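In: Okay, structure incoming, though there's no sequence with it:
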Ligand code: ASP
């Protein structure tokens with residue numbers, strides 16, 4: 001179990017009244033139930049636990065290193081993480097851990113573990129059970145998942161959907177991998193198979209990627225400045241509906257300039273919660289694809305960003321990046 005921080009291990013600062021992370025040994029004192037689990041659990045903590053709003057790609061590299069160094073010694077890994085950026089971290093880890101054949105389950109909570117009404121205990125205990133669930137020598141969930149409020153979701157399909165409900169996460173385009181009720185029910189047909197290849201990690205991530213939400217007041221001045229930012233490698237466009245955006249010449253010309261002259265990868269994903277890009281459905285969507293914008297299908301923003309960070313970090317050719325981007329490589333798109 002790897003503790004990174006987040007509300008789960010926070011307490012109220014008496015001076016400011018805000019929630020700040022406390023150290024891991026105090027967190028463990030709050031879950032004596034862990035001793036009842038018939039599993040051997042070792043724990044490791046970030047030296048400086050963080051509110052996950054402070055997460056950076058360096059933290060993902062650190063998590064990958066911890067998993068890599070301990071990979072052969074454990075059946076699975078549980079990562080305690082703040083909920084704010086949990087979907088980003090889960091998505092990033094899914095790409096950075098190639099041929100993963102052990103469960104990596106992220107969880108956290110909406111209320112600190114010391115709070116009487118906390119959701120932390122159930123989340124931690126069931127996550128540990130999932131991480132240790134095997135059928136013979138085969139793990140039941142050989143992938144990166146998020147367990148929260150009775151549901152196990154595929155990490156790279158998940159978004160944080162509520163800051164006030166215990167049920168904080170949704171996986172809008174993929175059904176849950178498991179549900180916890182009286183029994184812990186796994187939906188095996190939705191879970192990735194154990195891969196054939198050898199476990200491998202990737203720690204090079206490109207950071208120069210911009211996310212732009214298309215909106216009716218987007219104008220030429222503002223958009224041209226974005227295209228002109230030095231060193232931008234990719235732009236993720238969150239477009240309307242099934243992948244539509246304005247077709248005015250200035251917009252299409254700026255995108256063409258970005259693609260052809262600056263070799264920027266431009267990606268189309270939808271700003272809708274549910275559904276996917278259907279490039280030929282409307283003229284406004286077809287136009288984007290015709291100039292070489294990539295089809296992000298039903299990727300979440302979190303998965304689109306981290307998939308691009310990973311692919312660009314591999315220094316592949318432009319053609320190879322487009323081809324890998326547009327097909328599922330870790331179950332992240334349909
Ligand atoms: N701000 C907190 C964090 O992401 C929220 C949480 O843990 O739920 O670390």
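Out: Arrived safely, thanks for sending. Bear in mind that the values here come from a model prediction, so they are computed numbers and not experimental data.
In: contacting residues for residue 165?
Out: 110, 149 (C-beta atoms under 8 Å, 6 or more residues apart in numbering). No exception for glycine: its C-beta is placed from N, CA and C like everyone else's.
In: Helix, strand, or coil at it?
Out: Secondary structure state of residue 165, per DSSP: H, G, I helix; E, B strand; the rest coil, is coil.
In: Tell me where the stretch 201-334 of the chain has strands.
Out: 209-213, 234-239, 265-270, 294-295 (DSSP state E, counting those that start in this stretch).
In: so for the second one, what's the average pLDDT?
Out: When pLDDT is averaged along strand 234-239, the result is 98.
In: OK, contacts around the residue nearest to residue 11 when sequence neighbours are not counted?
Out: Of all residues not flanking residue 11 in the chain, residue 22 sits nearest, at 5.0 Å (C-beta to C-beta, 6 or more residues apart in numbering). Counting by C-beta under 8 Å, 6+ apart, residue 22 touches 9, 10, 11, 49.
In: most surrounded residue in the residues you listed?
Out: When neighbours are taken as other C-beta atoms under 10 Å, the top entry among those is residue 9 (28 neighbours).
In: Go through the strands of the stretch 201-334 of the chain and name the closest to the ligand.
Out: Of all the strands of the stretch 201-334 of the chain, strand 209-213 sits nearest to the ligand, with 19.0 Å by C-beta to the nearest ligand atom.
In: helices or strands next to the closest one in the packing?
Out: Packing contacts for strand 209-213, counted by 3 or more C-beta pairs under 8 Å, 6 or more residues apart in numbering; DSSP states H and E, involve helix 220-228, strand 234-239, helix 301-313.
In: Outside of the longest one itself, list whatever touches it.
Out: Residues outside helix 301-313 that contact it (C-beta under 8 Å, 6+ apart) are 57, 87-88, 90-92, 94-96, 156-159, 202-207, 209, 211, 233-234, 236, 238, 265, 267, 269, 296, 299, 321, 324-325, 329, 332-333.
In: Next step: those residues restricted to helices.
Out: Using DSSP state H, the subset of the contacts of helix 301-313 located in helices is 57, 87, 88, 90, 91, 92, 94, 95, 96, 321, 324, 325.
In: before we move on, back to that, of the contacts of residue 22, closest to the ligand?
Out: Taking the contacts of residue 22 together and measuring to the ligand by C-beta to the nearest ligand atom, the closest member is residue 10, at 7.4 Å.
In: wait, residue 275 sits on residue 242?
Out: Yes. Assessed by C-beta atoms under 8 Å, residue 275 is found in contact with residue 242 at 6.6 Å.
In: Closest residue of the stretch 101-250 of the chain to the ligand?
Out: For the stretch 101-250 of the chain, C-beta to the nearest ligand atom, closest residue to the ligand: residue 108, 4.9 Å.
In: Assess the claim that that residue and residue 83 are in contact.
Out: Yes. At 4.7 Å, residue 108 counts as touching residue 83 under the criterion of C-beta under 8 Å.
In: If you count surrounding residues, which of these two has more?
Out: In this view residue 108 and residue 83 are compared by other C-beta under 10 Å, and residue 108 has more residues nearby, 28 against 23.
In: Next, the contact list for that one, please.
Out: Counted by C-beta under 8 Å, 6+ apart, residue 108 has contacts 6, 7, 8, 52, 80, 81, 82, 83, 86, 120, 123, 148.
In: now the residue of the chain found nearest the ligand: how far from residue 20?
Out: Residue nearest to the ligand within the chain (C-beta to the nearest ligand atom): residue 82, separated by 1.9 Å. Counting by C-beta to C-beta, to the nearest Å, the gap between residue 82 and residue 20 amounts to 12 Å.
In: Residues that sit against both of those two, list them.
Out: Joint contacts of residue 82 and residue 20 (C-beta under 8 Å, 6+ apart) are residue 51.
In: Which one's more surrounded, these two?
Out: Per other C-beta under 10 Å, whichever of residue 82 and residue 20 has more neighbours is residue 82, with 24 against 13.
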